[in-house]
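S.K.: sequence plus the predicted model coming up.
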Amino acid sequence: MRVSRLFLPTQREVPAEAEIPSHQLMLRAGLMRKIASGIYSFLPMGYRTFRRIEQIVREEMDRAGAQELIMPALLPAETYMESGRWQVFGPEMFRLRDRGGREFCLGPTHEEPFTETVRNEVRTYRALPMTLYQIQHKYRDEKRPRFGVMRCREFVMKDAYSFDRDAAGLDVSYRAMEKAYRRIFDRCGLDYIVVDADSGAMGGSGSQEFMVKSDVGEAVIAYCDACGYAANDEKAEAVPAPKPGTAGQPVGKVHTPSVRTIEELMAFFGSSPARFAKTLLYLADGVPVAAMVRGDRELNETKLANLLRCSELEMAGPDEVLRVTGAPVGFAGPIRLAVPVRLVADREVAASVDLVVGANEADFHLEHVDPRRDFPPFEEADLRTVADGDACPSCGGPLSLCRGIEVGHIFKLGTKYSDALSCVFLDEEGKENPMVMGCYGIGINRTMAAVIEQHHDDHGIRWPAAVAPYAALVVPVMVTDPVQRQVAEALYERLRDAGLDVLLDDRDERPGVKFKDADLVGIPLRLTVGRKAADGLVEYKERTWDKPVEMSVDEAAAKTLERMGPYR
Ligand code: ATP
Ligand code: MG
């Protein structure tokens, strides 16, 4: 393709609305444009990479034995009502009516139509196991669409669904998907970790997320270099690290006027935050609950919600705090609450002694509190978020924290949807059983953005070869020079004839402009044809290199083909 003919609207300026590198670069490099909040079109250069990622996903799904089909995006409400998710999705689901008043949605994820199709067509164990997939648009009216296609409202997902006769079968199907996912993200050039994820809300029995390490990721991952343990921080088990203190001292009431926060307590008592225990009041589906973690810890709301098995968890407001504790915010504690409520304490709090807690009275705290001696009856559980340097729950080594972008998710669903939608099969004895299901998703757009997050520099994108929109770019420095022009054209044709996707920057522009565009767009190889073309010499430069290397046209062509061989 000739750059002079290419629909490639690049921008020099960093767009004001884009906060993270991938979003900025996707706009600046002319890969995509915004149509509405969280809704983007891909322009030719962007769509080429998009299709390359899709193709990698497709090849690996097929290799794993999954079968591709395509479902509609416009789906009738009925099966989502049968599964209960018509309600569960709430405002995130795009809903509409046809002219007859019948309700529809734009599919946010397709468990229901896949389960329904298999229920209607599959009768016996002979058809199982079976994994089906599609690569198709999804619609979610996200509360906060942001970071370009990282979190958008229309996106393309590869979603796969496995159907097995039993849990052992599901294990095999699940492992096959896990392996395929590793191959996919390896081929995309991503540095990622596979983490144990929380499966609480969806009620499944196992779930892993594929996280691309990146500072702009929304998820926090705890991992152990020593043993390979890795988990989402919503799930990572926190091992109690008790702090020394002297047990058995009598509880004392301390006047602490206007001392409410942990910082204020530290200053007042002149001691470390580990000596304090915070009592946080929550409303779990409207019912007040008191939850405790140490002063230097963070309460993990996902762990708390899973423990309480509630669907809505929110912090209680000041009126509720006053009603339950009898004191204004800042003085809540476990002992002598005005209204007795369910009390849950983090394992670390339970194992501590000599703590300072709120006294449920304005301007007072209690000290020398030993939970097992002084608290009213309470439950203990893992409630805190893991911290950097915590002991690994699997080997005891130190945990590290990093941020990650969730690009893929694999999930053991069990019989949740097959029970709800009566998706059953007959076994050898003619007995009916529910199929055991798994579901597996990869966001194509988000994966593309994640690749850019890990592969860029100050000048632009540095596409890994496997997903690059074009393999190489031939740049004649002066297109008006007949020799340069002729050598560049010949090299371009030669590489094209060898089957590579090649660009020829035939624009009559200053070399600086062409090189800037080349760096921005991030084609892996650049072949510059300049003054030495008359001597048969050109410059070969990989996008990740600082400087070009001079070589003969033949050498440059050979090196390009060697380097980009697997590209096709
Ligand atoms: P998140 O927690 O980021 O909202 P999710 O748990 O809702 O993700 P899944 O329902 O598991 O995501 O979807 C599977 C994959 O689809 C995700 O791993 C991600 O790659 C992609 N995805 C989900 N929501 C979006 C979105 N709003 N924009 C782009 N990609 C998305
Ligand atoms: Mg989501």
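M.R.: That came in fine, so what should we check first? Predicted, not measured: the structure shown is a model, and the values here were computed from it. Ligands and ions are numbered 1, 2, ... in the order given.

S.K.: against Tyr139, how distant is Pro72?
M.R.: 12 Å (CB to CB, to the nearest Å). Placement of C-beta: from N, CA and C, glycine included.

S.K.: and whichever residue of the chain sits closest to ligand 1, how many neighbours?
M.R.: Relative to ligand 1, the nearest point of the chain is Gly443 (2.5 Å; CB to the nearest ligand atom). Gly443 has 24 neighbouring residues, counting by other CB atoms under 10 Å.

S.K.: surely it and Val156 touch.
M.R.: Yes: taking contacts as CB atoms under 8 Å, Gly443 lies within contact range of Val156: 7.5 Å.

S.K.: okay, strands next: where are they in the stretch 101-250 of the chain?
M.R.: Ranges of strands in the stretch 101-250 of the chain, per DSSP state E, counting those that start in this stretch, are 103-106, 130-139, 154-164, 192-196, 206-213, 219-223, 230-232.

S.K.: do the same with the stretch 251-400 of the chain
M.R.: Using DSSP E, counting those that start in this stretch, strands in the stretch 251-400 of the chain cover 252-255, 277-284, 287-294, 313-315, 342-346, 355-358, 364-369, 379-381, 400-414.

S.K.: nearest to Glu489, of those strands?
M.R.: Taking CB to CB, strand 400-414 is the member of those nearest to Glu489, at 40.1 Å.

S.K.: what mean pLDDT does the closest one have?
M.R.: Averaged across strand 400-414, pLDDT comes to 96.

S.K.: one step back: can the strands of the stretch 251-400 of the chain go into a markdown table with extra columns for distance to ligand 1 and mean neighbour count?
M.R.: A markdown table is the format used below for these (distance: least, CB to the nearest ligand atom, whole Å; neighbours: other CB atoms under 10 Å):
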| stretch | distance to ligand 1 | mean neighbour count |
| --- | --- | --- |
| strand 252-255 | 44 | 12 |
| strand 277-284 | 22 | 21 |
| strand 287-294 | 24 | 22 |
| strand 313-315 | 17 | 14 |
| strand 342-346 | 25 | 21 |
| strand 355-358 | 34 | 24 |
| strand 364-369 | 38 | 21 |
| strand 379-381 | 24 | 16 |
| strand 400-414 | 4 | 22 |
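
S.K.: just to revisit the earlier point, mind listing the shared neighbours of Pro72 and Tyr139?
M.R.: Gly107 (CB atoms under 8 Å, 6 or more residues apart in numbering).

S.K.: so for these two, which sits in the more crowded spot?
M.R.: Just comparing Pro72 and Tyr139: by other CB under 10 Å the higher neighbour count belongs to Tyr139, 20 against 12.

S.K.: so who does Thr117 touch?
M.R.: Met71.

S.K.: local confidence estimate at it?
M.R.: 98.

S.K.: Asp388: which of the strands of the stretch 251-400 of the chain is closest?
M.R.: Per CB to CB, nearest to Asp388 of the strands of the stretch 251-400 of the chain: strand 400-414, 4.8 Å.

S.K.: now the closest one and strand 154-164, what's the angle there?
M.R.: Computed by axes from the mean of the first three to the mean of the last three CA atoms, to 10 degrees, the angle separating strand 400-414 from strand 154-164 equals 60 degrees.

S.K.: how about the nearest residue to Tyr417, chain neighbours excluded?
M.R.: The shortest distance from Tyr417 to any non-neighbouring residue, by CB to CB, 6 or more residues apart in numbering, is to Thr115 (4.5 Å).

S.K.: please see if the worst-scoring helix or strand of the chain on mean pLDDT touches ligand 1.
M.R.: Every helix and strand of the chain was ranked by mean pLDDT, DSSP states H and E. The lowest is strand 230-232, at a mean of 89. No: Strand 230-232 stays clear of ligand 1 (CB under 6 Å from any ligand atom), getting no nearer than 9.9 Å.

S.K.: that strand - contacts with which helices or strands?
M.R.: strand 192-196, strand 219-223 (3 or more CB pairs under 8 Å, 6 or more residues apart in numbering; DSSP states H and E).

S.K.: avg pLDDT for the last one?
M.R.: So the one you mean is strand 219-223. For strand 219-223, the mean per-residue pLDDT is 93.

S.K.: what residues does it touch?
M.R.: By CB under 8 Å, 6+ apart, the list of residues contacting strand 219-223 reads 193, 195, 209, 211, 213, 229-233, 236, 385-386, 390, 399-406.

S.K.: try it again with 10 Å
M.R.: Contact with strand 219-223 is made by 193, 195-197, 209, 211-213, 229-238, 385-388, 390, 392-393, 399-406, as judged by CB atoms under 10 Å, 6 or more residues apart in numbering.

S.K.: what of stretch 81-98?
M.R.: Stretch 81-98 is contacted from outside by 73-74, 76-80, 102-109, 111-112, 115-116, 139-143, 153-154, 201-202, 311, 416-417, 419-422, using CB under 10 Å, 6+ apart.

S.K.: please list only the buried members of the residues you listed.
M.R.: Listed as buried from these are 73, 76-77, 79-80, 104-109, 111-112, 115-116, 139-141, 153-154, 202, 416-417, 420-421; burial here means 16 or more other CB atoms under 10 Å.

S.K.: so which of those are in helices?
M.R.: Among those, DSSP state H puts Ala77, Thr79, Tyr80, Glu111, Glu112, Thr115, Glu116, Lys416, Tyr417, Ala420 in helices.

S.K.: let me know the pLDDT of the fourth one.
M.R.: Per-residue pLDDT puts Glu111 at 97.

S.K.: does it touch Leu413 like I think?
M.R.: Yes: contact criterion CB atoms under 10 Å: Glu111 and Leu413 qualify, at 7.2 Å.

S.K.: could you dump the ones in helices among the buried ones among the contacts of stretch 81-98 into JSON lines with distance to ligand 1 added?
M.R.: Listed next are these as JSON lines, based on distance: CB to the nearest ligand atom, whole Å:
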{"residue": "Ala77", "distance to ligand 1": "20"}
{"residue": "Thr79", "distance to ligand 1": "17"}
{"residue": "Tyr80", "distance to ligand 1": "15"}
{"residue": "Glu111", "distance to ligand 1": "10"}
{"residue": "Glu112", "distance to ligand 1": "14"}
{"residue": "Thr115", "distance to ligand 1": "16"}
{"residue": "Glu116", "distance to ligand 1": "19"}
{"residue": "Lys416", "distance to ligand 1": "15"}
{"residue": "Tyr417", "distance to ligand 1": "14"}
{"residue": "Ala420", "distance to ligand 1": "18"}
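
S.K.: mind picking the two most distant members of those residues?
M.R.: Checking those with CB to CB, the most distant pair is Ala77 and Lys416, at 19.0 Å.

S.K.: only alpha carbons, please: show stretch 498-516 as PDB.
M.R.: What follows is stretch 498-516, C-alpha atoms only, in PDB (Å, rounded to 0.1, in the frame of the first residue of the first chain):
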ATOM      1  CA  ALA A 498       7.400 -12.400  -1.300                       C
ATOM      2  CA  GLY A 499       4.000 -12.100   0.400                       C
ATOM      3  CA  LEU A 500       4.600  -9.400   3.000                       C
ATOM      4  CA  ASP A 501       2.300  -6.600   3.800                       C
ATOM      5  CA  VAL A 502       4.500  -3.600   3.000                       C
ATOM      6  CA  LEU A 503       4.000   0.200   3.000                       C
ATOM      7  CA  LEU A 504       5.800   2.600   0.600                       C
ATOM      8  CA  ASP A 505       5.900   6.100   1.900                       C
ATOM      9  CA  ASP A 506       5.800   7.800  -1.500                       C
ATOM     10  CA  ARG A 507       4.700  11.200  -0.100                       C
ATOM     11  CA  ASP A 508       6.600  14.200  -1.200                       C
ATOM     12  CA  GLU A 509       7.200  15.200   2.500                       C
ATOM     13  CA  ARG A 510      10.300  16.100   4.400                       C
ATOM     14  CA  PRO A 511      12.100  13.000   5.800                       C
ATOM     15  CA  GLY A 512      11.600  14.200   9.400                       C
ATOM     16  CA  VAL A 513       7.800  14.100   8.900                       C
ATOM     17  CA  LYS A 514       8.000  10.600   7.400                       C
ATOM     18  CA  PHE A 515      10.200   9.300  10.100                       C
ATOM     19  CA  LYS A 516       7.900  10.800  12.800                       C
END
